[in-house]
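kindly generate the corresponding structure for this input.
(one chain, ligands or ions: 2)
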Amino acid sequence: MPTLRILFTRLRAEEKLLREAAEKQNIPCELQNVSNIWYGSRPFCDKGDVVLARCISHNQNEAVAQILESQGIKVVNSSSVMALCGNKLSTSIALASAGIDQPEFRTAFTPEAAIEALEDLGYPAVCKPVSGSWGRLLAKINDRESAEAVFEHKSMLGPMHNTFYIQEYIEKGDYDVRAFIVDGEPICAITRKSNHWITNTARGGIASNLHLDDEVKSLLRSVHQTIGGEFLAVDLFKRDDRWLVNEVNDGGEFRNSIEPTGTDIPAAVVKAVWEKRPA
Ligand SMILES: Nc1ncnc2c1ncn2[C@@H]1O[C@H](COP(=O)(O)OP(=O)(O)O)[C@@H](O)[C@H]1O
Ligand SMILES: [Mg+2]
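Ligands and ions are numbered 1, 2, ... in the order given. Reported below is the predicted structural model:
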């Protein structure tokens, strides 16, 4: 029987909500912990199945998706969408090619060049790991001495950190926006308010509903056209009166967005994924 398989490495609220949503829609659904199995030539899914990949580690999620896709199995999001979203530089390059507004960014490969790149943007600026989430290891750099210290430390942290990704700091007020796109259609959004410049709800940002007006919807549709994918979570900043796309997440966490928006995000996701199962 065709099954919706939700892959995970840690069972978060999101994966439980997704399973409940599938049950409510009478969709045959199985949660599968990918930590306990190994992957080779033998498929562990049937060709009729559809897979929703929800591993915490971006690298693992993408690896499992690639293997399953090579075995002819439909995975949401696809490994190519994961590759774009899982690397902030790749996302920025894609957005820039599509002419979508985002914070100015620079990339460098040595601490010395990173300082020059940052000074080209001006202080303050934000340095982030190209691959990361929950606001971890972000550095707001206010002057040259801090820049020297941050880049020297990063240069010792290993290969993950030697691509220096730097953005201009955006005066965004006390909030940013997290918007959800299912099957190309924006379904809801929250503002995340905080006294800290890092507003992730995982870091204490307070979620409230944001009404999606035509301007934001049309921006989100262009993001989807550029990135692809069945389920995206997009971070936006508003500077003066203009929206900027900060980052695009494949999947992402949504537990704090259901109640404020009144939108059943997991129901929309499982419905869209199930519709993608092979005929
Ligand atoms: N360039 C920036 N200017 C102002 N605030 C920023 C900037 N970049 C990130 N932030 C703040 O930090 C948060 C986390 O940054 P983000 O790029 O989304 O990384 P993560 O993948 O860890 O969520 C954002 O939601 C925002 O509140
Ligand atoms: Mg983010």
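
and residue 112, how far is that from residue 247?
Per C-beta to C-beta, to the nearest Å, residue 112 is found 27 Å from residue 247. Quick note: C-beta positions are derived from backbone N, CA and C, even for glycine.

for the spatially most central residue of the chain, helix, strand, or coil?
Per C-alpha atoms, centre = their mean, the C-alpha nearest to the average position across the chain is that of residue 249, at 1.2 Å. Look at residue 249: counting by DSSP: H, G, I helix; E, B strand; the rest coil, its state is strand.

ok, now the one 4 residues further on?
When classified by three-state DSSP, residue 253 comes out as coil.

give me the element the closest residue to it other than its chain neighbours is part of.
Spatial nearest neighbour of residue 253, chain neighbours left out: residue 14 (5.6 Å); criterion: C-beta to C-beta, 6 or more residues apart in numbering. Assigned by DSSP states H and E, residue 14 belongs to helix 13-24.

any buried residues in the helix or strand following that helix, and which?
Tracing the chain past helix 13-24, the next element assigned as helix or strand by DSSP H and E is strand 29-33. Within strand 29-33, the residues that count as buried by 16 or more other C-beta atoms under 10 Å are 29, 31-32.

so the chain: which segments form each domain?
Domains of the chain are assigned by automatic domain parsing as 4-84, 105-168, 171-273.

so for residue 91, what's the pLDDT?
pLDDT recorded at residue 91 is 98.

who's in contact with it?
Listed by C-beta atoms under 8 Å, 6 or more residues apart in numbering, the contact set of residue 91 reads 84-85, 227, 247-248.

which of these sits closest to ligand 1?
Comparing those against ligand 1 with C-beta to the nearest ligand atom places residue 247 closest, at 4.5 Å.

the closest one: neighbouring residues, count only.
21 (other C-beta atoms under 10 Å).

the residue nearest to it when sequence neighbours are not counted: what secondary structure?
In this structure, residue 247 finds its nearest non-sequential neighbour in residue 235, 4.8 Å apart by C-beta to C-beta, 6+ apart. With three-state DSSP as the basis, the three-state label of residue 235 is strand.

hang on, the earlier thing: pretty sure the residue nearest to residue 253 is touching residue 266, no?
Yes: contact criterion C-beta atoms under 8 Å: residue 14 and residue 266 qualify, at 7.3 Å.

find the residues that touch each one of those two.
residue 254.

what residues does the stretch 1-150 of the chain put near ligand 1?
103, 126, 128, 132-136, 138 (C-beta under 6 Å from any ligand atom).

now do stretch 115-125: distance to the chain's middle.
Distance, stretch centre to chain centre, for stretch 115-125: 25 Å (C-alpha atoms, centre = their mean, to the nearest Å).
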